[in-house]
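*Asks:* make a model of this:
(one chain, ligands or ions: 1)
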Amino acid sequence: EATRAHLDRIAAVDGDVHAFLHVSDRALDAAAEIDRRRAAREDLGPVAGVPLAIKDVLVTTDMPSTSGSKILEGYMSPFDATVVARSRAAGLVPLGKTNMDEFAMGSSTEHSAYGPTRNPWDLDRIPGGSGGGSAAAVAAFEAPLALGSDTGGSIRQPAHVTGTVGVKPTYGGVSRYGAIALASSLDQVGPVTRTVLDSGLLHDVIAGHDIHDATSIPDAWPSFADAAREGARGDVLKGLKVGVVKELPDSDFQPGVAAAFRDSLAKMEAQGAEIVEISAPHFEYAVAAYYLILPAEASSNLAKFDSVRFGMRLDVPGGTVEDVMSATRDAGFGPEVKRRIILGTYALSAGYYDAYYGSAQKVRTLIQRDFDQAFAQVDVIATPTAPTTAFKLGEKIDDPLSMYLNDLTTIPANLAGVPGISLPVGLAPEDGLPVGIQFLAPAREDARLYRVGAALE
Ligand code: GLN
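*Replies:* Numbers count the residues shown, from 1 in each chain. As a prediction, this is how the structure comes out:
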């Protein structure tokens, strides 16, 4: 019934929202199988039978995986991403694959090769990106749970603009195996849901060591659902030290975003939290460093789309291998992907490597040190999740720099590998659109984010 209800909902609203690139024709069968196992009194765990939307960056054997790109149109993977395999094993029912900016490059889902997703709160506005499809599906009640990926904010910023909860786990906390790589040192897979507890339940399913991912942390994780339940019971805010970054003044944010942030801090203070001003002097260089490191890694990761191994191959009569490769990549990649490949290739080229990539890596270390120093003083850091509420479709599409600057507050966590959560804290009075607050914790302290998030929720 739950699966059917969500498929009906998708049929009713997805023509407008366009959260899905593909809807599974096997969802009802998978759900029926769960019903049979439950009838046979199998112990199925807490999420069995719950429908799940899957960002198209995650490969699946029974549905195409395009990563929002024409170059992978119709691509069928021979294996499931580890997070997908674990979701199936937990009895979650895949509903379909969600729309995204091409290869997860973007903050609005407008860079998808398959047309934009619209924000269910206002169809003229963006649902965030790159995982706008997953967030919009959850916000529009097309799916109760979704998987996303976050390289510079692609789970947290869509959550912020759609009034949903999104978590970027500690780097290495969730397997990247089968997540089509954007920037391997930054990518993490995580949940997008409507409540903190729901994110904890999904995070419990996907977390843990995977021998297929060399950067996967081998240690066991505590239950994030239990952490959320603990937080919801109260008093976890008493004595909690919450850091607020001096270098992110209210003037960096839309008034309603700053106001909702201040209200949340006051609420936490009223429940016994201590608000502490901290300094993170290198955060202001995070966007610049990220937009060198990410294109550098992406240009290398995307070299595998060479017209031979994966996806599209154009016919060039009488052409050489190079002609076929270049015609295919020219037709298969969209403008943002090409922009980043050129930037990344340039940043990595001999003679420029130290000046660009080398400097960016140094900034990355300084940002990690900012976090180390901050977390010596506070338990969590709080920021607004993004500078503005959902902007209008088309507003930033021709201005890559203003699109990049939108990632101001989400990017530092990826550069340092620390976990982050965004949860909704109300609507901005000036436009009536959702606003999120972001909490960041030291690496491996993801459970703290669930406790704090659920306490504030
Ligand atoms: N907006 C960021 C970018 O365009 C986020 C990407 C992501 O997290 N996948 O790179």
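
*Asks:* need the per-residue pLDDT for the residue in the stretch 1-150 of the chain positioned nearest to the ligand.
*Replies:* Relative to the ligand, the nearest point of the stretch 1-150 of the chain is A104 (3.5 Å; Cβ to the nearest ligand atom). To be clear about C-beta, it is placed using only N, CA and C from the backbone, and glycine gets the same treatment. At A104, the model reports a pLDDT of 98.

*Asks:* what number of residues lie near the closest residue to it other than its chain neighbours?
*Replies:* Nearest non-adjacent residue to A104, counting by Cβ to Cβ, 6 or more residues apart in numbering: S130, 4.1 Å away. Per other Cβ atoms under 10 Å, the neighbour tally for S130 reads 34.

*Asks:* on that earlier part again, relative to A260, how far out is the residue of the stretch 1-150 of the chain closest to the ligand?
*Replies:* 27 Å (Cβ to Cβ, to the nearest Å).

*Asks:* one step back: quick one: contacts for the residue of the stretch 1-150 of the chain closest to the ligand?
*Replies:* For A104, the contact set (Cβ atoms under 8 Å, 6 or more residues apart in numbering) comprises V57, S67, G68, S130, G131, S149, T151, S154, L182, D187.

*Asks:* so what's the fifth one closest to, chain neighbours aside?
*Replies:* Excluding its sequence neighbours, the residue lying closest to G131 (Cβ to Cβ, 6+ apart) is G148, at 3.8 Å.

*Asks:* which other helices and strands contact whatever helix or strand the one you found lives in?
*Replies:* Under the criterion of DSSP states H and E, G148 resides in strand 145-150. Identification of packing neighbours for strand 145-150 by 3 or more Cβ pairs under 8 Å, 6 or more residues apart in numbering; DSSP states H and E yields strand 51-55, helix 82-89, helix 132-139, strand 165-168, strand 188-193, helix 196-206.

*Asks:* which SS class is the closest residue to A441 other than its chain neighbours?
*Replies:* Spatially, and ignoring its direct neighbours in sequence, A441 is nearest to R448 (4.5 Å; Cβ to Cβ, 6+ apart). Of the three states, R448 takes helix according to DSSP: H, G, I helix; E, B strand; the rest coil.

*Asks:* check G394 too.
*Replies:* The assignment at G394 comes out as coil when based on three-state DSSP.

*Asks:* that one and the ligand, how far apart?
*Replies:* Applying Cβ to the nearest ligand atom, to the nearest Å, the value for G394 to the ligand is 17 Å.

*Asks:* contact partners for that residue?
*Replies:* Taking Cβ under 8 Å, 6+ apart, we find G394 in contact with E110.

*Asks:* what parts of the stretch 251-400 of the chain come near the ligand?
*Replies:* With Cβ under 6 Å from any ligand atom as the criterion, the stretch 251-400 of the chain meets the ligand at residues L294.

*Asks:* which residues in the stretch 251-400 of the chain form strands?
*Replies:* Along the stretch 251-400 of the chain, counting by DSSP state E, counting those that start in this stretch, strands occupy 274-278, 380-384.

*Asks:* shaky segments in this protein?
*Replies:* Along the chain, the model assigns pLDDT under 70 to no residue.

*Asks:* now the residue at the greatest distance from the centre of it: how far from V324?
*Replies:* Centroid-distance maximum for the chain: G318 at 43.1 Å, with Cα atoms, centre = their mean. Per Cβ to Cβ, G318 is found 11 Å from V324.

*Asks:* give me whichever of the strands of the stretch 251-400 of the chain is most buried.
*Replies:* Burial of those is given as mean neighbour count (mean count of other Cβ atoms under 10 Å); strand 380-384 ranks first at a mean of 25.

*Asks:* who does that one pair up with?
*Replies:* Paired with strand 380-384 in the same sheet, following DSSP bridges, are strand 241-245 (parallel), strand 434-440 (antiparallel).

*Asks:* how much does the longest one deviate in direction from helix 132-139?
*Replies:* With axes from the mean of the first three to the mean of the last three Cα atoms, to 10 degrees as the basis, strand 434-440 and helix 132-139 are set at 110 degrees to each other.

*Asks:* anything in strand 434-440 sitting right up against the ligand?
*Replies:* No: in terms of Cβ under 6 Å from any ligand atom, no part of strand 434-440 sits within range of the ligand; the closest distance is 13.6 Å.

*Asks:* just the CA trace of that strand, in PDB.
*Replies:* Provided in PDB are the C-alpha atoms of strand 434-440 (Å, rounded to 0.1, in the frame of the first residue of the first chain):
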ATOM      1  CA  PRO A 434      11.800  27.200   3.700                       C
ATOM      2  CA  VAL A 435      15.000  27.900   5.500                       C
ATOM      3  CA  GLY A 436      17.400  25.400   7.000                       C
ATOM      4  CA  ILE A 437      20.100  25.500   9.700                       C
ATOM      5  CA  GLN A 438      23.300  23.600   9.300                       C
ATOM      6  CA  PHE A 439      25.200  21.900  12.100                       C
ATOM      7  CA  LEU A 440      28.800  20.600  11.600                       C
END
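
*Asks:* report the closest residue of the stretch 251-400 of the chain relative to the ligand.
*Replies:* Of all residues in the stretch 251-400 of the chain, the one sitting closest to the ligand is L294 (5.5 Å; Cβ to the nearest ligand atom).

*Asks:* cool, and the stretch 101-250 of the chain?
*Replies:* Counting by Cβ to the nearest ligand atom, the stretch 101-250 of the chain gets nearest to the ligand through S154 (2.9 Å).

*Asks:* measure the nearest residue to that residue once chain neighbours are set aside to Y177 for me?
*Replies:* With sequence-adjacent residues excluded and distances taken as Cβ to Cβ, 6+ apart, S154 is closest to S130, at 4.1 Å. In this view, S130 and Y177 are 19 Å apart by Cβ to Cβ.

*Asks:* L95 is in what secondary structure piece?
*Replies:* Using DSSP H and E, L95 falls in strand 93-98.

*Asks:* quick one, that strand and strand 145-150 angle?
*Replies:* Going by the same axes, to 10 degrees, strand 93-98 makes 40 degrees with strand 145-150.
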